[in-house]
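1. Pasted the sequence and its predicted model underneath.
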Amino acid sequence: MAGSNISPGFLRAGQSNENFVRAQKVFPDGTSRLTIERNPAPLYIERGMGSYLFDVDGRSFLDLNCNFTTLIHGHAFGPVVEALTHQLRRGTCFANPTEKEIELAELLCGRIPQVDRVRFVNTGTEAVLFAIKAARAFTGRPKIAKLEGAYHGAYDWVEVSQAATPDNWGDAIEPKSTALYRGMPASVLDEVVVFRFNDVEGVRRLISLNARDVAAIILDPMPSRGGLVAAKPEFMAAVQESARKNGILVIADEVLNLRQSFEGASARYGLVPDLITMGKIIGGGLPIGAIGGREDVMKVFDASAGRPLLPQGGTFSANPLSMTAGLAAMRHLDQAAFAHLEILGDIVRDGICRAISARDAPMCVTGAASLFRVHPKAQTPNDYREAYLTPAGAGRMKELVRFFAENGIVLPYGAAASISTSMGADAEFIVEVFAGFLDSHQDIFGR
């Protein structure tokens, strides 16, 4: 299907518009997630197959969102469908454990360095929430340190400075802790130390000043909202050294970036975390989250001798459907699959770079492995502040997303675009459409 186009009039979709009218009568803004994109109505999907989406108006789109990087094998992946169909006939959830949860945990412990023990939850947000609680329980300290602009789910402490702006983010040397929403307790802001990505001296200084109270440093090895740029080796070393020196745990949030290699992102970038949070790809398209880490740290969940240091439950944690789907998906994510994704990612990023260079356009592309992100600026950003979209930049990105949709591709706005194992010639199609955007939108670049 690579190369198929949607006419510029695709925005006049009838059934999607009708659905949106209905939705506005039952949802606060017509949607059930803040992250739903509209042009001006959302695309309502009828089905997905492989790397393509099919909407209720009969149009097809190459899917670079993959439900926010979750669907690493694309839609309706055969082995997952087969395994789930088999499990559905045997039950969807139990109060008791199943063998499938052991098998998935064995796979994760056997594959990902520093993961000695695993605890399953339902979402990436839950994984981060319990990882932070585990760090507090292990160290007896209340504070955390986190990257400015990084997204770690919907937990008050990690939402601090998630959406900082030039108006409130404060000094470059010592970023302010900013509230995400009206009414966020001031006490939460006081318990979060905010530092900038790739700021070596900054992280050392801020951790040193707050060392006695910080339980954990949480960071994404390649934060999507921070620009989807790699951490400098010296920055990773500074985080590691500051943590070890002061008895602080390091939490690697790999809910999104576990897809960067067979062993995950920490292994790729030289980080040795005490805890790793996982989600998305490990569920095979179903809701899931997991906390993994050192045996002594994970012991805070241990209830074998009575009440644990950290009680943790969940009605749907380790449910057999998520375990079954995740196991099927992860078993097919072997070294060959990751090599295939790496090749496709390089084709897309290199092709976009060539298109930009040939036209001297003020844009750039970042990312690694099966992820990429386009920026409406010539200089590659190093952190959230440098990746922050100006009003003009936001306008350019909206035009890019719109152009891609008009040409049959769903491209996330201001976030990581992801490639799935089901893609092939689609990689060249992505580059072709991007080059077409540059050729047809020279006016928005001041030319």
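-> Right, received. Where do you want to start?
2. lowest-pLDDT helix or strand in this protein?
-> None of the helices or strands of the chain scores lower by mean pLDDT, DSSP states H and E than helix 14-23, at a mean of 93.
3. Show residues contacting that one.
-> Where contact means Cβ atoms under 8 Å, 6 or more residues apart in numbering, the residues beyond helix 14-23 that reach it are G30, T31, R38, A41, P42, L43, Y44, D55, V56, D57. In this view, the C-beta of every residue, glycine as well, is placed from N, C-alpha and C.
4. and the second one, how many neighbours does it have?
-> To tie it back to what came earlier, the one meant is T31. Residues near T31, counting by other Cβ atoms under 10 Å, number 16.
5. So it sits against Y44, correct?
-> No. Applying Cβ atoms under 8 Å, one finds T31 not in contact with Y44, separated by 10.7 Å.
6. if we can go back for a sec, mind putting the contacts of helix 14-23 in CSV, distance to D167, secondary structure and pLDDT included?
-> Putting these into CSV (distance: Cβ to Cβ, whole Å; DSSP: H, G, I helix; E, B strand; the rest coil; pLDDT from 0 to 100) gives the following:
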residue, distance to D167, secondary structure, pLDDT
G30, 29, coil, 93
T31, 27, coil, 92
R38, 26, coil, 85
A41, 31, coil, 89
P42, 30, coil, 92
L43, 33, coil, 93
Y44, 36, coil, 95
D55, 38, strand, 95
V56, 40, coil, 95
D57, 40, coil, 94
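7. Please identify, among those residues, the one with the most neighbours.
-> Counting by other Cβ under 10 Å, top hit in the contacts of helix 14-23: L43 with 24 neighbours.
8. so where do the helices sit in the stretch 1-150 of the chain?
-> Applying DSSP state H, counting those that start in this stretch to the stretch 1-150 of the chain gives helices spanning 14-23, 66-69, 78-88, 99-111, 124-139.
9. what's the most buried one of those?
-> helix 124-139 (a mean of 24; mean count of other Cβ atoms under 10 Å).
10. Dump that one to PDB, restricted to CA.
-> These are the backbone C-alpha positions of helix 124-139, laid out as PDB (Å, rounded to 0.1, in the frame of the first residue of the first chain):
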ATOM      1  CA  GLY A 124       3.000   2.800  32.200                       C
ATOM      2  CA  THR A 125       1.700   5.400  34.600                       C
ATOM      3  CA  GLU A 126       1.300   2.700  37.200                       C
ATOM      4  CA  ALA A 127       4.700   1.400  36.600                       C
ATOM      5  CA  VAL A 128       6.300   4.800  37.200                       C
ATOM      6  CA  LEU A 129       4.100   5.400  40.200                       C
ATOM      7  CA  PHE A 130       5.100   2.200  41.900                       C
ATOM      8  CA  ALA A 131       8.800   2.500  40.900                       C
ATOM      9  CA  ILE A 132       8.900   5.900  42.700                       C
ATOM     10  CA  LYS A 133       7.100   4.500  45.700                       C
ATOM     11  CA  ALA A 134       9.600   1.500  45.700                       C
ATOM     12  CA  ALA A 135      12.500   4.000  45.700                       C
ATOM     13  CA  ARG A 136      11.000   5.800  48.600                       C
ATOM     14  CA  ALA A 137      10.300   2.600  50.500                       C
ATOM     15  CA  PHE A 138      13.900   1.400  49.900                       C
ATOM     16  CA  THR A 139      15.600   4.600  50.800                       C
END
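11. dump the residue contacts of the residue nearest the centre of the chain.
-> Within the chain, the residue whose C-alpha comes closest to the C-alpha centroid is L256; the distance, by Cα atoms, centre = their mean, is 3.2 Å. For L256, the set of contacting residues under the criterion of Cβ under 8 Å, 6+ apart consists of F68, T69, G124, D220, S224, K280, A416.
12. any chance of those residues in JSON lines, with distance to A163 and pLDDT too?
-> Putting the contacts of L256 into JSON lines (distance: Cβ to Cβ, whole Å; pLDDT from 0 to 100) gives the following:
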{"residue": "F68", "distance to A163": "17", "pLDDT": "96"}
{"residue": "T69", "distance to A163": "20", "pLDDT": "98"}
{"residue": "G124", "distance to A163": "18", "pLDDT": "98"}
{"residue": "D220", "distance to A163": "16", "pLDDT": "96"}
{"residue": "S224", "distance to A163": "14", "pLDDT": "94"}
{"residue": "K280", "distance to A163": "21", "pLDDT": "98"}
{"residue": "A416", "distance to A163": "17", "pLDDT": "95"}
